[in-house]
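*Asks:* sequence first, predicted model second:
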There are 2 protein chains.
Amino acid sequence: MGFHADTAVEAVADGRYGATLQEGWDVVGNANGGYLLAIAARAMMAASGRPHPVTLSAHFLSPGRPGPLTIDCETIKEGRRFATLSATLASAERPLLRLLGGFADLGALEGPARIEEQPPELPPPDECPRVRAAPEGFPPAMMDRIDLRLHPEDAGFKAGRPSGRPLFRGWFRLLDEEPLDACALLLALDAFPPTIFNANLPVSWTPTVELTAHLRAIPAPGWLRCRFSTRFIAGGLMEEDGELWDSEGHFVAQSRQLALVPRGG
Amino acid sequence: MGFHADTAVEAVADGRYGATLQEGWDVVGNANGGYLLAIAARAMMAASGRPHPVTLSAHFLSPGRPGPLTIDCETIKEGRRFATLSATLASAERPLLRLLGGFADLGALEGPARIEEQPPELPPPDECPRVRAAPEGFPPAMMDRIDLRLHPEDAGFKAGRPSGRPLFRGWFRLLDEEPLDACALLLALDAFPPTIFNANLPVSWTPTVELTAHLRAIPAPGWLRCRFSTRFIAGGLMEEDGELWDSEGHFVAQSRQLALVPRGG
C-alpha cells in the first residue's frame, strides 16, 4: 500500500465515486483530516476533468472510521481556467466532509512572481527527530504512514517541554520516496501536530471546523519544508496557517484552518 | 438607504430568499465582492437560525449587476455549536456566488485568548486620506458608500506613487455611523484596494477566485482598524490576507482570498 493506493477512488455513477477509508490513517481512532481531504479531492479532480485542486475548502461534519466511502460531486461551473465543484464525502450515508473547490491546470496559470517570506530554516532532516506513532495513541497512528521530522526547537512538547510558541516547523515526505502529487500536498497541510501543543495553554485538542487549502505548484521531488503557525487565539477559535515549500525552494501551497479552542486539560 | 437596507433579504420560500443588488456598490460596473458576500450571508444567517457567520467561503462565478437576486440555502448539518450551510446567490438564474459556511453564536464560543500580532499602527482617521469615488471609475463607486481612510504611507498609489509593498492599512466604517454588524465585517474584508496596487508589478487587476472569512467577535462601535497584505505572488495566483480590529483593540475578523494575477498593463 501507500498514500496513492490508500486514497484511490473509482467512478461508480455520474458524479459519484467510491473509495475506502483505510486503516492506520487515524488520530486516536478518527481519520486524519488531510487524508479525508485527499480522497475527496481525488474524486473532485476526476469529476472536474482538471488536473489540480487549486483552492479547496472543507467543512468537517463527522469523524471518519475505516470502511467504504462515497464522494458525490456536483459541477457548479466549467469556466475557461477553473471548474468549480461542490462535493460531499460520506460513510454509509453519514456525511463526513462537505467541500467547495476550484480546479484547474496549475501549469497553465502564469503571472509575475514575488515572495515576501522566506521558507523556514531547518537543520537537515537527519538532525530533526521523526515523529512516530505510539501505542497509547499519541503521537497518532497516522504518523507511521508518513515521514515527518520536526525542527528540534519545536519538538520538546512530546517530552512535556512545549516551546511556548504556537509554531511547528519541519520536513514532510511520503514513505518509500513515493512522489508528492497535489493530493499529497493536501495531506501535508494537515499532518503536523496542532500548534496549540506548543502554546502552553489549557487546551488539549482543537477540532477543525473548516480548512481551506490553496495550491500554487506541484512540488519537485524530495522533502517538503513546512511551517505551521497561529497568531490569533480569540473568541473560542483559532486559525492555523500552513505554508509548504519544495526541495528547490519554491512555494507550493498554503492553508488556513479554523478550529475550536475548548478549555480543558 | 444604507448598508443594512442595501443588503436586506426576505424569505420567499423554504430556504429561498430574495434581495436587490442596489446601485452604487460597484467597481467599474460590477458589484463589490464583499457587498455580495454580505447579502448572501444575511440569507444564510436567516436560514441557519444562528446569529453569526463564523466561517464563510465564497467562490466567485459571475459579476453582479443591479437588480433582483435570489439566495437558495441548503442546511447541511445542524450541530450543537455550528450549523453548516451551502448557498447559491443568483441573478436571473445566473449564479454569481457559491458559498459554504458555518454559522453559530459568537458570544457562546469561549476559550483562552492569545494574540501574537499587534493591530496596525495608524495616524488618527482625520490624518488618513479618505478614498472617494471618481467619475472615471477609479477609485470605484462603492467607495462613496463606505468611509475608508488609508494610512498616508499606503495612499500614494492613487497619484502614481505605489509604496512598493503589497500592503494596505487603514480605517473603515459605515456611513452616518451606521452600526457594524457581522455582515459589515464581511464588507470590510473586501473593501480595500487590491494589495497589488502597491506592489510595482505589471498587473492591473486581480479577479478573486475564492474568499474565506473568519469572524471572531462583533465589533465595538466605532472605526475598524484594518490591514491587508500579500506575501506570496506565485504560480499566476496571489493570496490577500485581511485582519480587522475594533475600536477597543479586539481582533474581530480575518480573511484570505485567492486571486488570479494576470499579466497586463
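*Replies:* Structure received. Numbering: from 1, shown residues only, chains lettered A, B, ... in the order given.

*Asks:* the strand or helix carrying A:Arg98: what's the following helix or strand?
*Replies:* Element membership of A:Arg98, judged by DSSP states H and E, is strand A:94-104. Per DSSP H and E, the first helix or strand lying C-terminal to strand A:94-104 is strand A:114-115.

*Asks:* avg pLDDT for the helix or strand immediately after that following strand in the chain?
*Replies:* Downstream of strand A:114-115, the next assigned helix or strand under DSSP H and E is strand A:146-150. On average, the pLDDT along strand A:146-150 is 98.

*Asks:* so what touches strand A:146-150?
*Replies:* The contact list for strand A:146-150 (Cβ atoms under 8 Å, 6 or more residues apart in numbering or on different chains) reads A:3, A:125, A:128-131, A:168-175, A:187-188, A:191-192. Every residue, glycine included, has its C-beta placed from N, CA and C.

*Asks:* so which elements touch the helix or strand following that strand?
*Replies:* Going down the chain from strand A:146-150, the next helix or strand is strand A:167-174, by DSSP H and E. When contacts are defined as 3 or more Cβ pairs under 8 Å, 6 or more residues apart in numbering or on different chains; DSSP states H and E, strand A:167-174 sits against strand A:146-150, strand A:224-229.

*Asks:* and the shortest one, how far out from the chain middle?
*Replies:* Which is strand A:146-150. A distance of 13 Å separates the C-alpha centroid of strand A:146-150 from that of its chain, computed with Cα atoms, centre = their mean, to the nearest Å.

*Asks:* just checking, A:Pro67 touches A:Ala19?
*Replies:* That one is not Pro; residue A:67 is Gly. No: the pair A:Gly67 / A:Ala19 is not scored as a contact, 10.2 Å apart, by Cβ atoms under 8 Å.

*Asks:* between those two, who's got more neighbours?
*Replies:* Neighbours per residue, other Cβ atoms under 10 Å in any protein chain shown: of A:Gly67 and A:Ala19, the larger number sits with A:Ala19, 23 against 11.

*Asks:* look up phi and psi at that one.
*Replies:* Dihedral pair for A:Ala19: phi -160, psi 170, per degrees, to the nearest 10.

*Asks:* kindly state the beta-bridge partners for it.
*Replies:* Taking DSSP bridges as the rule, A:Ala19 bridges to A:Val9, A:Leu69.

*Asks:* measure it to A:Thr70 for me?
*Replies:* According to Cβ to Cβ, to the nearest Å, A:Ala19 and A:Thr70 sit 8 Å apart.

*Asks:* checking A:Ala46 next. Helix, strand or coil?
*Replies:* Following DSSP: H, G, I helix; E, B strand; the rest coil, we place A:Ala46 in the helix state.

*Asks:* interface residues of the stretch 1-150 of chain A facing chain B?
*Replies:* For the stretch 1-150 of chain A, the residues in contact with chain B (Cβ under 8 Å from any Cβ of the partner chain) are A:54-55, A:57, A:59, A:61, A:76-77, A:79, A:81-82, A:84, A:86, A:95, A:98-100, A:102, A:106, A:109-117.

*Asks:* just the buried ones from those residues, in ChimeraX syntax?
*Replies:* Selection of the buried residues among the residues of the stretch 1-150 of chain A next to chain B in ChimeraX, burial being defined by 16 or more other Cβ atoms under 10 Å in any protein chain shown:
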select /A:54,55,57,59,61,76,81,82,84,86,95,98,99,100,102,106,109,111,112,113,114
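
*Asks:* in the stretch 151-265 of chain A, what residue comes closest to chain B?
*Replies:* A:Gly236 (3.1 Å; Cβ to the nearest Cβ).

*Asks:* for B:Arg42, see how far away that residue is.
*Replies:* 23 Å.

*Asks:* returning to that earlier point: from B:Gly79, how far out is the residue of the stretch 151-265 of chain A closest to chain B?
*Replies:* 15 Å.

*Asks:* do A:Ala108 as well
*Replies:* Taken as Cβ to Cβ, the span from A:Ala108 to B:Gly79 is 39 Å.

*Asks:* what do you get for A:Gly64?
*Replies:* 16 Å.

*Asks:* likewise for A:Leu260?
*Replies:* On the measure of Cβ to Cβ, A:Leu260 and B:Gly79 end up 11 Å apart.

*Asks:* quick one: the helices in the stretch 151-265 of chain A?
*Replies:* With DSSP state H, counting those that start in this stretch as the criterion, the stretch 151-265 of chain A has helices at A:182-188.

*Asks:* just confirm A:Ala41 is within a helix.
*Replies:* Yes: A:Ala41: assigned to a helix according to three-state DSSP.

*Asks:* that one contacts A:Pro51, correct?
*Replies:* No: using Cβ under 8 Å, A:Ala41 makes no contact with A:Pro51, being 11.5 Å away.
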